[in-house]
Each structure stands twice: as structure tokens, then as C-alpha cells.
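Undergrad: show me the folded form of this:
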Amino acid sequence: MDNAENSTTDRDALTSLVAHWLDLWNGDFAIAEQIISPGNRVHAALFGGGDGSAAAGVAGMVSLVTQMRSLMTDLVFSIEVGPIVDGDHVVVRWAATGHYGGGMPGAGAPVGTEVTFRGTDILRVENAQIAEYWLNADTLDLMTQLQVSAG
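TA: Okay, here's the model as predicted:
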């Protein structure tokens, strides 16, 4: 197999992995052990003020997705840009839409408010699994829609 064929195969595999990543964020937790490395590291500023290190591994990643989905049980993620593949890294720009279900401290938005926010994921892939995850979400836009007060 020449490099061009190998590159196409790798790109196809990474594109498939991203499709499964989207499935995970859309609530298919059964796929988690297949696509997330046991040593997965998360790099993100989390709602509770943490740095993402608590969301390590498969269980941590499932917990992170579950936490986000608990705010909006009908949350649907879609990819707007990508996947963009660069070696063992994949980048996607996503949008998420759902209806606020309550439970965010300080939120003034009524339950049922439709919310849409966006972000970018950078995934480092190793052995056909996600080994590192960088999250950059427009949390300010989300908090504004949920009418979260600072005080």
C-alpha cells in the first residue's frame, strides 16, 4: 500500500471515529469503551471550576457527557466543520441544541428554553481510540442563554 492509500485509510478510520464520538455526545454510552482510551486525558475548563483532569479515562468521559446531557436531556450535537485531520489529531466544530431542563445554579431561564451553543473539539488518536481531548466551548453564550447571574 502506498502512502496515499494509507493516508486515505487513516482518514477514513478517523472520520469513522469522529462519527462514533458524535454518537457518544448524543447519548450512546455503549460506544464509550470502544472509542475512548482507558488513559484518556481531558483538557477543559469545566462548569464546576475544574480543569478536566477528573474526567480522565472512559468513566470520566462518560461522566462528563452525562453531566452536560443532564442540563438538556434532548441535547443534539451536530458537526458544522470537519473533521479536519492532521496526523494523529482530528478537529471538529460542533453545534449543540436542546431545551433547558433545569438544575443549573443561578440560571434564570425558564425550563423548556431552547438553547444552542457551539464549540471545537481537538482529539488526539492513539491505537484507534481517543487518547486526549481538548474542549473549547462557548460557555459564555450558553450561560447567557440560561440567564445565569454572576451573583
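
Undergrad: show me how far stretch 95-109 is from its chain's centre.
TA: On the basis of CA atoms, centre = their mean, to the nearest Å, stretch 95-109 sits 17 Å off its chain's mean C-alpha point.

Undergrad: avg pLDDT for that stretch?
TA: Averaged over stretch 95-109, pLDDT sits at 91.

Undergrad: do the same with stretch 27-45
TA: In this model, stretch 27-45 has a mean pLDDT of 92.

Undergrad: for that stretch, buried residues please.
TA: By neighbour count with 16 or more other CB atoms under 10 Å, stretch 27-45 contains the buried residues 32, 35, 36, 37, 40, 41, 42, 44. Using the backbone N, CA and C atoms, a C-beta is placed for each residue, glycine as well.

Undergrad: likewise for stretch 135-148?
TA: Across stretch 135-148, burial judged by 16+ other CB under 10 Å covers 135, 137, 139, 142, 143, 145, 146, 148.

Undergrad: include pLDDT, secondary structure and distance to residue 68 when you put these into TSV, please.
TA: What follows is the buried residues of stretch 135-148, written out as TSV (pLDDT from 0 to 100; DSSP: H, G, I helix; E, B strand; the rest coil; distance: CB to CB, whole Å):
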residue	pLDDT	secondary structure	distance to residue 68
135	90	strand	10
137	89	strand	9
139	86	helix	11
142	91	helix	10
143	90	helix	13
145	94	helix	14
146	93	coil	13
148	90	strand	15
